[in-house]
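Colleague: Sequence first, then the predicted structure, then my questions.
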Amino acid sequence: HNGKPMRLIFTLLIILLSHSWTCAFTSLRPQYLTMADGLPSNYVHEIAEDGNGMLWFGNSGGMSRFDGNNILNFRTFPIGSSGEMISAAITHITTDKTKRFIWAKATNHCFFCYDTQTGRFIDYAVNEEQGKSFREIAFGANGTVWLYQGNGVRRCTVTYPDNKLEPVFHCTDYTVDKGQLPYREIRTLLATGSGGAWLCADKGLAYIDGKGEAHIIDKKRKVYQAMRFGGGRYAFFMTGNRILVGDDKGGIVKDILIPAQFGTVNRITGYVCEAAGKGKTAVAHAFTNGGTLAVDVAKGVVRKSDKLDISEGMNFGTYQGYTVVITRSGEIIILDRELKTAMRRKVLAMIPIWSYRNSFSVSANRDNTIMIAARTWGLLAFNTVTGEATELRDTDPMMPQGYYYVRNIMFDSAGNLWGATQGEG
C-alpha cells in the first residue's frame, strides 16, 4: 500500500464494485460507516482525502478523520489565538493543492484550517478578524488561498521560515470600506497564474495583483458570469450585453458587444471551452437563457454556437477529456474532447438553478469511469473508453441504503467510491 494506511473496505456508505464499474453494477458490495462505528453524526455533508490517504468527513457533529481502521472526531474548533473553542457543524471540507492543509467551513461560514503534518489547527488569520464569515474558497498560485463572498475577500499566503516544517500564514482582508472592492458581496473569484485574482460582484469588477494590491476596474455593472480561457485570458459577461476580456495581470484587452440579435443576455449558468493549442486562447460556449453562444475572445466575436445547443446548463467538470454538463431541465450531457455529445440522458424534472449543486455530484477514477449521482434518482456510470453508460436506479434492490439522499460522492486514491448521505452515514 506504498506507505499509506491500509484502509478497511468499510465506509460511510462506501460503494464497492470491481474495476468494471459499468458491468451493470453486478459486483456492488455496499458497506456503511455510521454513528455506531464512531461518527458523531449520520448527516455527512462532504468528503475529502489528504496527501497521506486519510479520509475526512464534514458532518453535522463536526469533522472526522478515518485512517482505514479508526475514526478521530473534531467536535470543537479554535477561534483565533485566544484559545476559545466553539462547536460547529462542518458543511464543506476540502484540501489545498498540496493536500497538506484541510480547510473546513462551518454553518456560521467561518473557515478552519488544519495542518495534517503537525496535527494542529492553524490561526491563519493572525492580525485579521478570525470570526469573519466567508462562503467560498479558492486556491491560487504559489499556495495562495482566497476566501470570499460574505464579508469581502481574504488573501492568505503561507511561508516556511528557516526551512522549518511549521507554516506561517500571512492574511490580508479587502473591503469596500477601505476602497479596495467595488461591492461587498463578491460572487465569483478567478485566481490567476500570476498569483492574483479577478473579483466579480453584483456591482463591479476588481483585480488583486500578485503583490496584493487591489485595483477596481468597474464600479457599476453587474458581472453575470466569469470565464477562464487558455492563454491567460478571462471573460466577464456584464450588464449592457457587453463582455470584458482581461489578461493574467489585471489588464482589460477587449470590450465586446453582444449582437442585438441574441436579445438581452442576463443569465449565464455555465460554459465549456473547446480545446486550443498551447498558448492559444480557446473559444468558450456559454449556456445562456437563450441557448448557447460561442465567445471567441481572440477575434472579439460572439456568435451562435455551431457545436452546442444547450440552454441553462452547468459544467460539473472535465474528467479524462470528457465534460459533464447538467441542464436545468434535468438532463445529464457528457461531451467529448471535440464537444460532440457522447451521452445524453434525462434523469430529473425541472431543477431550480440554485439547487444544481445539491442535486448532482460527479467523480471519476483512474479506470476510465465517470460516476454521477443524481439525488432522488440513482447512480450513472459512464466508461470513457467504450462509451457505455449503466444506471442504478434508487428503486433497484441493489441500491445502497440512503442513496436516495446522497449529497456528495468521491473516488479515493484506492479506487473505492464513497458517498455521503443525509441520515445514513
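Modeller: Looks like it came in fine.

Colleague: pLDDT below threshold where in the stretch 251-400 of the chain?
Modeller: Filtered on pLDDT under 70, the stretch 251-400 of the chain yields the residue ranges 277-281, 352-356, 394, 397-400.

Colleague: hmm, try it at 80
Modeller: Counting by pLDDT under 80, the stretch 251-400 of the chain shows low-confidence ranges at 266, 275-282, 289-290, 349-358, 376, 392-400.

Colleague: Spell out, range by range, the helices that occur in it.
Modeller: 356-359 (DSSP state H, counting those that start in this stretch).

Colleague: from what I can see residue 295 touches residue 243, true?
Modeller: Yes: if you go by C-beta atoms under 8 Å, residue 295 and residue 243 touch, sitting 6.5 Å apart. Where C-beta positions appear, they are placed from N, C-alpha and C, glycine not excepted.

Colleague: intersection of neighbour lists for these two?
Modeller: 235, 256, 302 (C-beta atoms under 8 Å, 6 or more residues apart in numbering).

Colleague: which of these has the most neighbours?
Modeller: residue 235 (23 neighbours; other C-beta atoms under 10 Å).

Colleague: Other residues contacting the helix or strand where it lies?
Modeller: According to DSSP states H and E, residue 235 maps onto strand 233-238. Around strand 233-238, the neighbours that count as contacts under C-beta under 8 Å, 6+ apart are 190, 192, 198, 200, 205, 218, 221-229, 243-248, 253, 265, 268, 281, 284, 286, 295, 297-298.

Colleague: Stretch 298-309 too?
Modeller: 231, 233, 243, 245, 254, 256, 258-259, 262, 272, 274, 280-281, 285, 291-296, 335, 339-340.

Colleague: Select from these every entry located in strands.
Modeller: 233, 243, 245, 254, 256, 272, 285, 291-296, 335 (DSSP state E).

Colleague: Could you dump those residues into JSON lines and include distance to residue 322?
Modeller: Shown next, in JSON lines, are the ones in strands among the contacts of stretch 298-309 (distance: C-beta to C-beta, whole Å):
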{"residue": "233", "distance to residue 322": "24"}
{"residue": "243", "distance to residue 322": "27"}
{"residue": "245", "distance to residue 322": "27"}
{"residue": "254", "distance to residue 322": "30"}
{"residue": "256", "distance to residue 322": "29"}
{"residue": "272", "distance to residue 322": "11"}
{"residue": "285", "distance to residue 322": "15"}
{"residue": "291", "distance to residue 322": "22"}
{"residue": "292", "distance to residue 322": "18"}
{"residue": "293", "distance to residue 322": "22"}
{"residue": "294", "distance to residue 322": "20"}
{"residue": "295", "distance to residue 322": "22"}
{"residue": "296", "distance to residue 322": "23"}
{"residue": "335", "distance to residue 322": "7"}
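
Colleague: Pick out the most distant pair among the residues you listed.
Modeller: Across these, the longest distance by C-beta to C-beta is 26.4 Å; it joins 254 and 335.

Colleague: Appreciated, that's everything.
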